[in-house]
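In: Sequence first, predicted coordinates after that:
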Amino acid sequence: MPTTSLDHDFPTETTLIPYGIFIPEYNELFLFFVSSKLTADCIVDLLESWWQTVKHRFAHIQKLVINQDNLPENHSRRTQFLKRIVDFSTSSQLTLQLAYYPPYHK
């Protein structure tokens, strides 16, 4: 009598969304996984959390250039994202430069 079994494809219980911060000069990648949607608030929360953990290593840094994709939650016309990123810049006393790839076209 043949043995029956389930395959390794178990039903998903949750979906994780990745977000990464890469520092090319140090060849370092920081990966975060969130179970909620990747919103403007979520992105800035992750940036703030990341900065709190690494700022002691980068005390000499006064400016961060943030290269990011141009998705709806963080594009240059997203007021919630811009408000939060300005608040982060103020609280961290960093100058932030945002670069979008590819540029936003409507």
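Out: Alright, I've got the coordinates. Numbers count the residues shown, from 1 in each chain.

In: Model confidence at the spatially closest residue to Tyr100 that is not a sequence neighbour, what's the number?
Out: Of all residues not flanking Tyr100 in the chain, Asn70 sits nearest, at 4.3 Å (Cβ to Cβ, 6 or more residues apart in numbering). For the C-beta atoms, the positions are set from N, CA and C on the backbone; glycine is no exception. If you check Asn70, the pLDDT there is 80.

In: I'd assumed Leu98 was in contact with Asn70.
Out: No. Counting by Cβ atoms under 8 Å, Leu98 is not a contact partner of Asn70; they are 10.1 Å apart.

In: do you know how far Glu48 is from Ile23?
Out: The gap separating Glu48 from Ile23 is 16 Å, by Cβ to Cβ, to the nearest Å.

In: which intervals of the protein have sub-threshold pLDDT?
Out: For the chain, residues meeting the criterion pLDDT under 70 lie at 5-10, 103-106.

In: can you map out the helices along it?
Out: Ranges of helices in the chain, per DSSP state H, are 40-54, 79-92.
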